[in-house]
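J.: Give me a model of this one.
(2 chains)
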Amino acid sequence: MTRYSALNLFQKSRDGHKGWPEAWRKPAPKSSYDIVIVGGGGHGLATAYYLAKNYGINNIAVLEKGWIGGGNTGRNTTIIRSNYLWNESAHLYELSLKLYEKLSQELNFNIMLSQRGVINLAHSQSEMHEVTRRVSAIRLNGIDSEVLTPDQIKSLIPIINLSSKSRYPILGGSIQRRGGVARHDAVAWGFARAADNLGIDIIENCEVLSVSTSNGIVRSLETTRGCIGAKKFGFVVSGHSSVLAEKAGFRLPICSQPLQALVSEPLKPFFDVVLMSGTVHVYLSQSDKGELVLGAGTDKYNSYSQRGSLSVIEEMMSASLELFPILSRLKVMRMWGRIVDICPDASPIIGNTPLRNLYINCGWGTGGFKATPGSGYVFAHNIATGEPHNLAAPFSLDRFAKGKLIDEHGAAAVAH
Amino acid sequence: MKKQPFRVEGLGDIERNRPIMFTFNGKTYTGFKGDTLASALLANGVILVGRSFKYHRPRGIFGVGVDDPNALVQIGVHGRSTPNERATTTEIFEGLIAKSVNVWPSLRYDILAINNSFSSMFPAGFYYKTFMWPASFWPIYEYFIRKAAGLGTVPKFEDPDTYEKKYVHYDLLIVGGGIAGLVAAHVSAKAGNRVILADERANLGGSKFNSEVTINNKPVKKWVSDIESELESIGDCMVLKRTTAVIHSDHNFVVLREKIIKPNNHSSHTMISQRLWKVRAKSVIYATGALERPMVFQNNDLPGVMLGSAVTDLIHRYGVCPGKNVAIAGNNASIYTLAEDLKACGANIVALSDSRKKSDNNENLAFDSEFPVFMGQAPICAFGKKKIRSVSFGPVNIDTAISQNKDDKKIDCDLLCLSGGYDPNLNLIAQAGGSVSFDTEVSSFNCQSIPKDIFLIGAAAGNFDLQDTISKSLNIVKKIIKQNGTSVFPDIVYQTKGSKSLNAVSPVWYVQSKKSNNKQFVDLHNDVTVSDIDLSVREGYKSIEHFKRYTTSGMGPDQGKIANVNALGILSKKIDINPQSIGTTRFRPPYTPITFGALAGRDLGDLAEPIRITALNVWHQESKAVFENVGQWKRPWYYPKNEETMEAAVNRECKAVRKSVGIFDASTLGKIELVGPDAGELLNRIYINRFDDLKVGSCRYGIICGDDGMVIDDGVTSRLEDKRWLMTTTTGNASKVFHWIDEWLQCEWPELDVFLTSVSSHWSTITIAGSNARNVLLELAGDVDVSNSSFPHHTWKIIKIFGVVARVFRVSFTGELSYEINIPSRYAHSLWESIISIGERYDITPFGTESLHTLRAEKGYIVVGHETDGSVTPDDIGFGWMMRKRKDFIGHRSLSRESIIGEKRPQLVGLLPETYIPEGAQVLSDEISGSDKQSIGHVTSSYNSPSLGIPIALGLIQGGRSLIGSNIRIIGPSNSMSVNAKIVSHCFYDPNGDRLNV
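T.: Okay, here's the model as predicted:
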């Protein structure tokens, strides 16, 4: 692997950067592997990377029906945080945040993790109580979190509208200072390059057409690039998990819904934190390129179309201008939609399936990007050992049958 | 008035008798009414207008419409300061103040232009490869990256203007008011269709505006204005100028953004700035034309290099010829028309290159004697520093690159016009679901499949012959109006003359330079060069989406309008895959950037969310109540007397209820009437407890679970008549519960014969609570016996109060004797005032939600949302007994799952803390959990109890009911907040309920 560094960049600049190799190879698929991961998003690539790195398994293929990182990895608002209420979630997302904190160096790919602090606003007495509850619980889990007064919020975000005459005045909030944003594409590419370096085949434009099973195990996958067999399989395909599970003959308790986001035209830096509000429903941050990145809630209806309704955008804009009236003359440059896979309890599914050699990782809903390295880390353990990682065990598929839900509907401080 | 050196006498459609003064980068200039900022600047010879995003290279106006990637400016001051406006689409007005964005300290001497000298260090994606050492320095690197990035600045003051929305339905929406769009609008409107025609510019006519073309022997300008007046005279036809279609959603729902031209831009008064039209049309015609793309060669970004179509447009619309010595380069017939236009302006054409070996009709021969015409050649390199000084040409090899010839001759010029072919403008049709395919004939994308009821005409359909466009448009319109039920097709002929058609284009994707390729710009806005494409390919970012994201090509404010096809063509050459197989990135809305304010419209401030008030609101306001937001409702929180603190007010209100009587506005509670023979059965299934056995005249408290078995709401339901029931819900969940029941009724149990009606606002609810409540009621009740024996707890009666039928429910949320009087809302205010005056002798005290919650907490009554959070079962909050004998209800099966019956669930208990602790604080116990870090539960409600004089709390604690008597520790959100407490039963006051049944 040619090292990425300022020195190398300088040296290679002298011959017009002709010396840089492919970030990852474009191999033809082999007929069989030890492990096949379906889904070349961040989670799938991270899984492959940790399988190779932590368990020494290199004979792995990652199959991607389009281009890697092209699903929710490449279409989100890039927020990273671990301020979750329930212990199970907190530990999993904190693992992920800790991995993120070292990821640029580990992958030798600058993912531009920007720990600028994630603020959640409270607009009512009951939301203030919720802030107390969350901050108290999060701190007990050893994760940083603080309650903020309106004045503290103002000092972090000078342009915020604190007027008591607002429709829903800001009464306070909380902050996770280690939270922030990262460059989403870089996460996918960084994992791909590092995984490729460990010998993993990343196969793009390879869609799974059918799943061949017998005696309770998966034998092979029929794909657009031929039949591919493996000893073990992992499915990590977010919005289309239900579709793929159906091909393997089982069902998932997942709803797929469009979730929209948008960016403004680039502006000089004016907004240095990540802000989320549940009541005045929007979350926003400013990218390093200067664009304001905004997101809000899902459409109310299930759909696989990668676009949503205008009304959701209008509500999101009205919410942003409630919080920041001076943004009124900014312009939206691009809006997009993606399909999020939401479980009844808004927590993911990681673990074994009714098929003995098939493992599944899905249901991350509106918040999968922040979990990318952690998700790959625990899922790699699951596939390598056949047993769930202890942090992932509570997220098994059978929790719905057992009633052991991890209800994070309020976890984004934004109704899912 | 200063002379405008590049203004051409006698051309253009501007009002030369109306000069307008404006300021650009601190210098004052004069333009004319009808100018855009771009045309006025060019008329004044201002070539340098901005700097590029990454290398801060000097840039001039390149295009003339929404496609221009360079001339982004900050316009206006104070609240009207607007970042990133396009000089090309901004009409000038008196006193306009504009300045270039992202330059410091000035446009001419921009410090970050140093980036240009080190550009070899900053290829595509360089930031992924560096800034990683030392790891702790990233925030510092990032600080400087952020400072360098971004374009305009956010205004410092609130926007004084407003934005309107308008909803309309039309038979036909036509987007684009060029000749094709006008013909379509004219014919369909004449046929009686309701038509809306939108064009983004200030004048109709599109690319033919004010050109040499004649239609029906009229000069095109005259023809356009005649058609426009005719359309405006037809009642059902609307012409919207300065209006851009930005979003196409499902079922022909199209969003148009109209810019309103204001009489005076300095007024501090509120003005309507933009209007968002939400159009639903039976059919949509896109006549959106085509965008010209540039050619890619060394230094093709120098100020003074422009699109040929932009120059044509400047001449025809504004009478501006932005150069004196002009070179022309292209690969299609449009350059010859341009040459004629330029000649007509008196410009000196210094050279023309046509990359084709042969022109369509030997047009080149006509000019051969006048200036050098280079057939089969293309520009190799432009020279100059802050503007173009000269250009060299060289031969083309087949359809791609050419090698540089040593003896390239530099030809001096101050303007170089480029025409690299035309791209049909397909953004909106692609948004609508149309698919595109690469057409090698015109070397661009054409629409391949078009969704139903959407049509493409004109250049947007790849048709560059005016007469042919008109006849094809007429055929399409015929089809549409037939579909719309009109059989008579107006017999109108449109005969054009003087228009030249555009045939084959021979692409020259880029020009190979002998030196590096890092100054051959593909995306001018984001400074993406051919060498960036090389690097992207070399590193394997070959999928069009990876390519876009890695190089940032097409990711600027112009979204690559003129860059994307060139980028694709070059990528295609580099990886040797045809453009069709590579495909495009996804077209996303909006077509051009749209203002936040326009999308938010009037939904701001008090209108951000509707404010709901009860019929008693005036009284509450007059009584100086402090309100709290509960969902959309404004509810009295407490009624402070004489500057009282909240604590003192709540204390006084609570004591009044416990000692005598209080009055409370409970009108916000959700009320649903269920009518029908199966209403009892429906309630049985919705509630966890049984309801069909409830007697007429009785009330019962019930709990509703979700299908996961978790509590979602609670409330009292009464049987009004045999087949008529009244359900109450919590305030916050009123509509949610209504829709919940409705969904079950419609989707799962359509056989149940029940009607649901929300009557929440029909009835106002006045609660009187306290031991003197009956004494107050006695005075209202007339002959009705309201004694305890005749009107016991959990029953209801009809009482005519002052002749008005009221439903009085004896239910209690305070633990005191209490009546909820439901009365039609229009009588609520006078009834309330009567009760206040009747109650005077008992010192009747209005109390707010805070006191209500305090009183109920003393009784250990739960509040949904406090004691429940979507993860709490009925048994957790002590209502397991309610469902013990039930057969089935929503959530029943979920509640039998092993984790719910087998494990230590959180259970509702009372807590006696040493001092007040905030709600949400966590409960710890070393003894119980074996760890002083592991939470065993949390505080759900917490108050200083006025009745008991001590702090009390409710909490959900794992296995709490068996821990009564245990000591625990409660910790809050900061290290200093830690309190000891004891677990007790959750009912603190009157545990036997004696006070309810007096």
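
J.: The residue nearest to B:Leu112 when sequence neighbours are not counted: how many residues sit nearby?
T.: Nearest residue to B:Leu112 in three dimensions, chain neighbours excluded: B:His56, at 4.3 Å (CB to CB, 6 or more residues apart in numbering or on different chains). To be clear about C-beta, it is placed using only N, CA and C from the backbone, and glycine gets the same treatment. Neighbour count of B:His56, defined by other CB atoms under 10 Å in any protein chain shown: 22.

J.: Correct me if wrong, but B:His56 is in a strand.
T.: No: B:His56 sits outside any strand when classified using DSSP: H, G, I helix; E, B strand; the rest coil, being coil.

J.: Surely it and B:Ser117 touch.
T.: No: with contacts counted by CB atoms under 8 Å, B:His56 stays clear of B:Ser117, the gap being 10.3 Å.

J.: mind checking the backbone torsions on whichever residue of the stretch 1-150 of chain B sits closest to chain A?
T.: In the stretch 1-150 of chain B, the residue that lies nearest chain A is B:Gly150 (2.9 Å; CB to the nearest CB). Dihedral angles of B:Gly150 (phi, psi; degrees, to the nearest 10) stand at phi 80, psi 160.

J.: residue contacts, it?
T.: Contact analysis of B:Gly150 by CB atoms under 8 Å, 6 or more residues apart in numbering or on different chains lists A:266-269, A:289-290, B:102.

J.: Tell me the most packed of the residues you listed, by neighbour count.
T.: A:Pro266 (28 neighbours).

J.: thought that one was touching A:Asp288?
T.: No: using CB under 8 Å, A:Pro266 is not in contact with A:Asp288; the gap is 9.9 Å.

J.: shared neighbours of these two, anything?
T.: B:Ala149.

J.: per the record, what domains does chain B have?
T.: For chain B, the structural domains run B:15-130, B:166-290+B:425-488, B:294-420+B:504-519, B:521-580, B:622-667+B:763-854, B:670-758, B:902-984, going by automatic domain parsing.

J.: Could you tell me the least trusted of those?
T.: Ranked by mean pLDDT, these bottom out at domain B:294-420+B:504-519, with a mean of 89.

J.: so how far is the first residue of it from its last?
T.: Start-to-end span of domain B:294-420+B:504-519 (CA to CA, to the nearest Å) is 14 Å.

J.: Same question for stretch A:144-163.
T.: 29 Å.

J.: contacting residues around the nearest residue in space to B:Val305 that is not next to it in sequence?
T.: For B:Val305, ignoring the flanking residues on the chain, the nearest one in space by CB to CB, 6+ apart is B:Leu416 at 4.7 Å. Taking CB under 8 Å, 6+ apart, we find B:Leu416 in contact with B:304-306, B:326-329, B:379, B:382, B:388, B:391.

J.: Wondering if the strand ranked longest in chain A reaches chain B at all.
T.: Assignment by DSSP state E gives strand A:331-342 as the longest strand of chain A. Yes: Strand A:331-342 is in contact with chain B by CB under 8 Å from any CB of the partner chain, via A:331-336.

J.: The stretch 351-500 of chain B: strands as residue ranges?
T.: B:373-375, B:377-384, B:388-395, B:410-412, B:415-419, B:422-424, B:435-439, B:444-449, B:454-456, B:496-497 (DSSP state E, counting those that start in this stretch).

J.: Please identify which residue in the stretch 251-400 of chain A comes closest to chain B.
T.: Counting by CB to the nearest CB, the stretch 251-400 of chain A gets nearest to chain B through A:Gly290 (2.9 Å).

J.: That residue in helix, strand or coil?
T.: A:Gly290 - assigned by three-state DSSP - is coil.

J.: Nearest residue to it in space, please, no chain neighbours.
T.: Leaving aside its chain neighbours, A:Gly290 sits nearest to B:Gly150 (2.9 Å; criterion: CB to CB, 6+ apart).

J.: so who does the residue nearest the centre of chain B touch?
T.: The centroid of chain B falls nearest to B:Leu599 when counting by CA atoms, centre = their mean (5.6 Å). Neighbouring residues of B:Leu599 by CB under 8 Å, 6+ apart: A:313-314, A:317-318, A:332, B:276.

J.: Make sure I have this right: it is in a helix.
T.: Yes: using three-state DSSP, the secondary structure at B:Leu599 is a helix.

J.: on that earlier part again, next one: the residue nearest to B:Leu112 from B:Val46, what distance?
T.: 18 Å (CB to CB, to the nearest Å).

J.: and the domains of chain B, which is most packed in?
T.: domain B:521-580 (a mean of 24; mean count of other CB atoms under 10 Å in any protein chain shown).

J.: Now the terminal residues of that domain, how far apart.
T.: Start-to-end span of domain B:521-580 (CA to CA) is 23 Å.

J.: starting at the chain centroid, how far to that domain?
T.: In terms of CA atoms, centre = their mean, to the nearest Å, the centre of domain B:521-580 is set 28 Å apart from its chain centre.

J.: How about it and chain A, touching?
T.: Yes: counting by CB under 8 Å from any CB, chain A has neighbours in domain B:521-580: B:531, B:534-535, B:538-541, B:543, B:545-546, B:549-550, B:556-557, B:559.

J.: returning to that earlier point: what is the longest strand of chain A packed up against?
T.: strand A:255-264, strand B:594-595, helix B:596-600 (3 or more CB pairs under 8 Å, 6 or more residues apart in numbering or on different chains; DSSP states H and E).

J.: any idea of the angle it forms with strand A:255-264?
T.: With axes from the mean of the first three to the mean of the last three CA atoms, to 10 degrees defining the directions, strand A:331-342 sits at 160 degrees from strand A:255-264.

J.: Following the chain onward from strand A:331-342, which element is next?
T.: strand A:349-352 (DSSP states H and E).

J.: tell me which element the residue lying closest to A:Glu130 once chain neighbours are set aside falls in.
T.: Leaving aside its sequence neighbours, A:Glu130 sits nearest to B:Gly920 (CB to CB, 6+ apart; 6.5 Å). If you go by DSSP H and E, B:Gly920 is not part of any helix or strand.

J.: In contact with the residue nearest to the spatial centre of chain A, which residues?
T.: Residue closest to the average C-alpha location in chain A (CA atoms, centre = their mean): A:Phe369, at 1.3 Å. Shown in contact with A:Phe369 (CB under 8 Å, 6+ apart): A:42, A:72-73, A:76-80, A:184, A:187.
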